[in-house]
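Chemist: The sequence and its predicted three-dimensional model are supplied below.
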Amino acid sequence: MKNNPKISVVIRTKNEGVLIGKVLKSLHNQTHKNMEIIVVDSESTDKTLQIAKKYKAKVIKVKTKDYTPGYGLNVGINSTKGEYVAIICGHSLPISDEWLFDGLLNFKDKKVATVTGWVNANPIGYINRILGRFPLQLFFQTNNKARKLNKMSMLIRKNLWKKYPFNEKLKSCEDRDWCFEMISKGYKIVKDKKFSVFHSSFFVGKTPSLFKWVEWIKVEREINNKKKRLLN
């Protein structure tokens, strides 16, 4: 069914060898089987690519010097065949085997542009996978709040991406930029607790530095003012 997939999953990676195998295994265990998996790799030096090939993911290599988050996504999505594109981080795990199936249900509403979920994280990794799948934040669901989305777990309509690809000039917040654009055009952003992920950058040594947080705030301000968009 990969010749005509309903969903294409795009994962951006750089040295994700610690958890990428578990992420790919989780995707292969999804009840929704009509999908393809594409890994966009930025010169990993660990076993990331070896693991990706083991799970028969399509690998696209990009140069680190050319990489921005938006560029990585656009390169990956440009090679997809699916009607919908799921975006997940290389160290984020879907909360259930129904993750893709539950996310796809939201698109029965033709005005939904993207579905996102909660980031279920803690500083030492995936303890919540042991303690239970439903900590407090997973009990809430909000609609049309672009500030509440996360690129660790997104499902978008590919036809809308064709009209507005991810901004390759931004060093961060490319996901928020895209969703604000969709809202300004009258589309909906849905946050579904069933489309959440277990995520911890700290666990794989990717905790953002203070400089990154300052940069994130600056980019966020620029996005909020761009094109005088409707913000929620």
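Modeler: Thanks, I have the structure now. What you are looking at is a predicted structure, and each value in this text was computed from that prediction instead of being measured.

Chemist: average model confidence for stretch 163-178?
Modeler: Stretch 163-178 carries an average pLDDT of 88.

Chemist: what's the span of that stretch, first residue to last?
Modeler: Stretch 163-178 has an end-to-end distance of 11 Å (Cα to Cα, to the nearest Å).

Chemist: what about the nearest residue to residue 187 once chain neighbours are set aside, which SS state?
Modeler: Spatial nearest neighbour of residue 187, excluding adjacent residues (Cβ to Cβ, 6 or more residues apart in numbering): residue 113 at 3.7 Å. From N, CA and C alone the C-beta is placed, and that goes for glycine too. What DSSP: H, G, I helix; E, B strand; the rest coil gives for residue 113 is strand.

Chemist: and what of residue 166?
Modeler: Using three-state DSSP, the structure places residue 166 in coil.

Chemist: for it, what are its contacts?
Modeler: Residue 166 makes contact with 69-71, 73-74, 77, 174-175, 177-178, according to Cβ atoms under 8 Å, 6 or more residues apart in numbering.

Chemist: Highest neighbour count among those residues?
Modeler: Taking other Cβ atoms under 10 Å as the neighbour criterion, residue 178 ranks highest of these with 28 neighbours.

Chemist: What is the burial count for the residue nearest to residue 187?
Modeler: Count around residue 113 with other Cβ under 10 Å applied: 24.

Chemist: Show the contacting residues for it.
Modeler: Contact partners of residue 113, counting by Cβ under 8 Å, 6+ apart, are 156-157, 160, 179, 182, 187-189.

Chemist: Restricted to buried residues, select the residues you listed in ChimeraX.
Modeler: With 16 or more other Cβ atoms under 10 Å as the burial test, the buried ones among those are selected in ChimeraX as follows:
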select :156,157,160,179,182,187,188,189
